[in-house]
Structures are given as C-alpha cells and as structure tokens.
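I would like the atomic coordinates for the input below:
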Amino acid sequence: MAGSPTARRRRLSIELKKLREQSTLTCTQVGQALDWSGSKVNRMETGSGRVQPSDIDALCRFYGTSEELREFLKSLARQAKLRGWWQVHGSGVPEWFNIYIGLEQDASTFRQYQCELVPGLMQTQAYASELHKTGAHMSDEDIDRAVQVRMERQAMLKLPDAPEAWFIVNEGSLRNIIGNRELMREQIERVLEAARLPTVTLQVLPFDSGTYPATGSFTMLGFPAPEDPDIVYRDGITDAVYLEGEHHVREYTRAFDGLRAAALSPQRSTQLIETIAKEYAS
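Reported below is the predicted structural model:
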C-alpha cells in the first residue's frame, strides 16, 4: 500500500472510479441510488472531498464488492486523513504543493527537467532561502519553514529504497547567480555530491545544444504499484498542474527522452559542472 496520506487518497480515488466504471454507471446514477448527489460521488473519485469509512461501506454494498476489498478501501479512507510530516510546517508550504510532496514521498521513479533553477532536491539551505526571499511575499518564519521542508525532502535520495532519479538541468540554471558567487560555489558542490548518489543520474543541457522539446520545467513521478499511473507535475507562482492522462504522460515522456538525447552524457555533464565550480572559486 502506498505510504503517504496523499498517495493513499489518490489510490482510493482510483479504486472508487474503477468500481463505478465496471458497473457502467455514471456518478449521477450512483448518487441517485444512494440518495447522494452526483457531485459527491465525483468528489470522492477525484480526491477533492474527504471520504468517510461509512461512505465506503455504502458504495461497496452497492457495487457488491468482496469484504476484503471493502476493508482495504476503508483502511485507505482512514489513513488518508492522517497528516504528512511536511504539513506540520503550516503556511510555509502552500496547499497545492502539499499534494505534490505527498506524491513525491511514494514515487519509485523521478524524472525532472529544470530550465532556470537548481533542482529543489539538490539545493543548499542558503540557495533555497534566497529563492524564497525573492520569489514570494512570505514572512521570515514561513521562509524558514519552507526551506526546512525542502531540506527534509532531500533525504529521500539517500534512503535504502530511494527512487531512481534522473535530473536534466539547463546550463543556465548552474550559471545563474543566486545570492553571490560563494553561495553558488557551495551550491554547485552540492549538485556534484547529489550526482554521485547511486540512484541519481544527472545531465546538463548545454547552451549549444540547439533546439530541444521543452517549454518549461516539469517533473514526472512513477509509482511501484501498477494501479497508480504516472503523473506529470508543473508548478507556477500560485498554483500547480497535475496531469495523469495517458496522452499527457506519453508526450512528456517523449519530451524527456528528447532532452536526454540533446543533453551531455552524465560523465561529460560532471566535467562541465566541475569546470563551473572552479569558475565560481576563482
């Protein structure tokens, strides 16, 4: 079973939608049969509403599921109410990013392209702090909370069951000076440290790579259970987009593969990053 509350909520939504589709009924028809609104059924299937174990009981009786499946879904519903470790930081982490962190905690594969900044899972505390100071109107306390969450997230790359992580970064993200040159030298050293981890692959897309198939940063998360489809994540200043459809995942996979082909090999990427580190040190 998926570990984080967010992943459990997502798995529950997937299973409930699957049951309804197998019954060949619409949300409205299921709602009418249970004296609910069709919108309630829809919210349960999209994860936008809290699902009570009693709702699971009613749905499973209606769909005629096994007792084993009913208990499994009720367990998901109960555990989806729990709070993740990152949620104790309150307003330091926006709600739309809470969802992403929960999914990230359970990912078995991680693919990310960054065109402007060093990936969050490789950032130093000083670098992350500078970004939060200039990127949003946040109190000092909320900035500290947001940075702390980012630092704690990085532990996932060093776990025994760490996800297979593949990062592609534009050369500009390494040369764009955040803070000052000393801060950037330390940041580039951190990138090199992360690249040495056994489950991490890092490539740099150089300035002279020509055209490439991407229009902005994005992340693709894969999950160990075949019932949990891959998801594409793109964020902005005030919100984020989560794409799960087969078409979206296929096109972003194609784009990522194109970026991998255009980028330097991991070995040549390391050589370039080492050269940039020396430039910051001089």
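
Could I get the CA-only coordinates of stretch 180-197 as CSV?
The C-alpha coordinates for stretch 180-197 follow below in CSV (Å, rounded to 0.1, in the frame of the first residue of the first chain):
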residue,chain,number,x,y,z
ASN,A,180,26.6,35.6,-4.7
ARG,A,181,29.5,33.6,-6.2
GLU,A,182,30.5,32.0,-2.9
LEU,A,183,26.9,30.8,-2.4
MET,A,184,26.9,29.4,-5.9
ARG,A,185,30.2,27.6,-5.5
GLU,A,186,28.8,25.8,-2.5
GLN,A,187,25.6,25.1,-4.4
ILE,A,188,27.5,23.6,-7.4
GLU,A,189,29.5,21.4,-5.0
ARG,A,190,26.1,20.2,-3.6
VAL,A,191,25.0,19.3,-7.1
LEU,A,192,28.1,17.2,-7.6
GLU,A,193,27.5,15.4,-4.3
ALA,A,194,24.0,14.6,-5.3
ALA,A,195,25.1,13.4,-8.7
ARG,A,196,27.4,10.8,-7.0
LEU,A,197,24.4,9.1,-5.3
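
could you give me the average pLDDT of that stretch?
For stretch 180-197, mean pLDDT rounds to 97.

Stretch 45-61 too?
85.

do stretch 78-91 as well
On average, the pLDDT along stretch 78-91 is 57.

The stretch 101-250 of the chain: strands as residue ranges?
109-114, 164-170, 200-205, 218-222, 231-235, 240-243 (DSSP state E, counting those that start in this stretch).

Please convert those to CSV, extending it with mean neighbour count.
For the C-beta atoms, the positions are set from N, CA and C on the backbone; glycine is no exception. Converted to CSV, these look like this (neighbours: other Cβ atoms under 10 Å):
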stretch, mean neighbour count
strand 109-114, 22
strand 164-170, 22
strand 200-205, 22
strand 218-222, 21
strand 231-235, 19
strand 240-243, 14
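
and the ones you listed as a markdown table, adding mean pLDDT?
Converted to a markdown table, the strands of the stretch 101-250 of the chain look like this (pLDDT from 0 to 100):
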| stretch | mean pLDDT |
| --- | --- |
| strand 109-114 | 96 |
| strand 164-170 | 97 |
| strand 200-205 | 98 |
| strand 218-222 | 95 |
| strand 231-235 | 89 |
| strand 240-243 | 83 |
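
Next one: the closest residue to D55 other than its chain neighbours relative to R196, how far apart?
Nearest residue to D55, sequence neighbours excluded (Cβ to Cβ, 6 or more residues apart in numbering): M44, at 6.8 Å. Separation of M44 from R196 (Cβ to Cβ, to the nearest Å): 44 Å.

Of the two, which one has the most company?
Neighbours were counted for M44 and for R196 using other Cβ atoms under 10 Å; M44 has more, 25 against 9.

List the contacts of that one.
Residues near M44 by Cβ atoms under 8 Å, 6 or more residues apart in numbering: 13, 16, 51, 55, 59.

wait, T199 sits on P163?
Yes - if you go by Cβ atoms under 8 Å, T199 and P163 touch, sitting 6.7 Å apart.
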